[in-house]
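# generate coordinates for the sequence data below:
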Amino acid sequence: MSSNIDSKENKKIKIALVAGEESGDQLGASLIKDLKRIFPSSSFIGVGGRKMQQEGLDSFFEMKKISVMGIFEPLMKISELLTLRKELKEYLSVEAPDIFIGIDSPDFNLSISRHLKMQKIKTVQYVSPSIWAWRKGRIKTIEKSVDKVLTLFPFELLAYSESPVEASFVGHPLAHKIPTELNKKEIRNNKFHINKEKMIALLPGSRKSEVKMIGEVLLKTAKLIKDLEEDVCFFMPLADIGHKELIPNWEDYPWVKFSEKNSQDVLAASHVGIVTSGTASLEAALFKTPVIVVYKTNWITYLLVKPLLRIKQFSLPNLLAGSSILPELLQYEVTDKNLFNAYKDLENNSSHHALAAFEKIHSELKADGPDTAAKVIAEMI
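Predicted structure coming up:
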């Protein structure tokens, strides 16, 4: 592999990447950073957020334009999304990159991959679509669209065992970024200067739709916990501090500290938390913070998706552990009373079991090193 890479070092490599949400922006930024070490003269085009742009990505348009979730929500913006994707396809066809990397957001990215693959441009899907969880038939679309799938989690490889598409487990960058040993008390003292016995994280998600759906019930749950335990403080980190205006009656909870873009610091410092399903639940596991995981979406989306689900658990820590190490509440279960009961159960019975499982998860997700994904992509180039 090294001879192939060495021969390319002096040639300017053009790499296209498209991310559609905050978690993809984090993955893309780490990937660009590693690729720059291998190809110092490379350039990066496509679509990404603030973190990818800071690493040198020239974003064709703002990532927030395509940051929508679910089934019903994208339909509300379908005309705009299709127009943006068409313009992006035309742009990338003219630019003719050496490789295209779609980062998560498969409903948006796989169509671009297929378009470019037909032009003999190598294509990668970084983060496997959740065919192990639902919509198994999408594997046919994946096979027609990409040359390789890079999976973040080892259990995902099983979904490709009978498929001609190549799949490689590359681990998760967060497993290398987050230290295996950390001093929570020190983080609380240095970054938050709190003198309460317990700190609880409340993470309603990064998208506006998630904050609207989940923010208020987290605050109501916090009130129940506060009535039970006096010496406790609550932090709600948001992707944008303006998102608190999406939560009804947020002013009625002055003892909840709202902040912006510091969810990892909050999770690292907290004793326990309540988080929206997704990357935040994985971050909680890596920061050794037991959490309750919630998922709630538009009711039409839920009714359409529920019959297609092929899994009994939906949070990443539980899927990686292969058991229910964390409590999960789904859709209609997401009420303040249910969350309060789950909190009491987590504190009384489950947290020690979860902490032991977190250690194993952290070790497994390191794969062959922090730059495994970049090495696989460099070999393809």
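
# just the CA atoms of stretch 49-63, as PDB, please.
Extracted in PDB, the C-alpha atoms of stretch 49-63 (Å, rounded to 0.1, in the frame of the first residue of the first chain):
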ATOM      1  CA  GLY A  49     -20.500  21.700   8.400                       C
ATOM      2  CA  ARG A  50     -18.300  24.000  10.500                       C
ATOM      3  CA  LYS A  51     -15.900  21.300  11.600                       C
ATOM      4  CA  MET A  52     -15.200  19.900   8.100                       C
ATOM      5  CA  GLN A  53     -14.800  23.400   6.700                       C
ATOM      6  CA  GLN A  54     -12.300  24.200   9.400                       C
ATOM      7  CA  GLU A  55     -10.300  21.300   8.200                       C
ATOM      8  CA  GLY A  56     -10.300  22.700   4.600                       C
ATOM      9  CA  LEU A  57     -13.500  21.500   3.000                       C
ATOM     10  CA  ASP A  58     -14.900  23.900   0.300                       C
ATOM     11  CA  SER A  59     -18.600  23.400   1.000                       C
ATOM     12  CA  PHE A  60     -20.900  23.800  -2.100                       C
ATOM     13  CA  PHE A  61     -23.800  24.900   0.100                       C
ATOM     14  CA  GLU A  62     -24.500  25.000   3.900                       C
ATOM     15  CA  MET A  63     -25.000  21.600   5.400                       C
END
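
# for Glu328, give the beta-bridge partners.
Taking DSSP bridges as the rule, Glu328 bridges to Val293.

# let's number from 702 now, not from 1
That works, and once the first residue is 702, the last one we named lands at Glu1029.

# pull the distance from stretch 979-987 to the chain's centre.
From the chain centre to the centre of stretch 979-987 is a distance of 8 Å (Cα atoms, centre = their mean, to the nearest Å).

# same check on stretch 975-992?
Counting by Cα atoms, centre = their mean, stretch 975-992 comes out at 11 Å from the chain centroid.

# just the CA atoms of it, as PDB, please.
The C-alpha coordinates for stretch 975-992 follow below in PDB (Å, rounded to 0.1, in the frame of the first residue of the first chain):
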ATOM      1  CA  ILE A 975     -30.900  11.500  29.500                       C
ATOM      2  CA  VAL A 976     -30.000  11.600  25.800                       C
ATOM      3  CA  THR A 977     -31.700  11.300  22.400                       C
ATOM      4  CA  SER A 978     -30.700   8.200  20.600                       C
ATOM      5  CA  GLY A 979     -27.800   8.500  18.100                       C
ATOM      6  CA  THR A 980     -24.200   9.600  18.500                       C
ATOM      7  CA  ALA A 981     -24.900  11.100  21.900                       C
ATOM      8  CA  SER A 982     -25.600   7.700  23.400                       C
ATOM      9  CA  LEU A 983     -22.300   6.400  22.100                       C
ATOM     10  CA  GLU A 984     -20.500   9.500  23.500                       C
ATOM     11  CA  ALA A 985     -22.100   8.800  26.800                       C
ATOM     12  CA  ALA A 986     -20.800   5.200  26.800                       C
ATOM     13  CA  LEU A 987     -17.300   6.400  25.900                       C
ATOM     14  CA  PHE A 988     -17.400   9.100  28.600                       C
ATOM     15  CA  LYS A 989     -18.500   6.400  31.100                       C
ATOM     16  CA  THR A 990     -21.800   8.200  31.800                       C
ATOM     17  CA  PRO A 991     -24.800   5.900  32.300                       C
ATOM     18  CA  VAL A 992     -27.800   7.400  30.500                       C
END
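
# Gly906 against Ile915, yeah?
Yes: contact between Gly906 and Ile915 holds when scored by Cβ atoms under 8 Å: they sit 6.3 Å apart. Quick note: C-beta positions are derived from backbone N, CA and C, even for glycine.

# show me the contacts for Arg738.
Contacts of Arg738 were listed using Cβ atoms under 8 Å, 6 or more residues apart in numbering, and they are 1072, 1075.

# what about it, is that helix, strand or coil?
helix (DSSP: H, G, I helix; E, B strand; the rest coil).

# if I look at it, how far off is Glu756?
12 Å (Cβ to Cβ, to the nearest Å).

# could you pull out the helices for the stretch 902-1051 of the chain?
909-929, 964-970, 980-987, 1000-1006, 1017-1022, 1037-1046 (DSSP state H, counting those that start in this stretch).

# wait, which of those is closest to Leu947?
helix 909-929 (4.8 Å; Cβ to Cβ).

# quick one: contacts of that closest one?
By Cβ under 8 Å, 6+ apart, the residues outside helix 909-929 that reach it are 769-771, 774, 901, 903, 905-906, 933, 935, 937, 939, 944-945, 947-951, 953-954, 956-957, 975, 977, 995, 997-999, 1035-1038, 1040-1041, 1044-1045.

# run the chain-centre distance for that helix.
21 Å.

# mind listing what's buried along that helix?
The neighbour-count check on helix 909-929 (16 or more other Cβ atoms under 10 Å) flags 909-912, 914-927 as buried.
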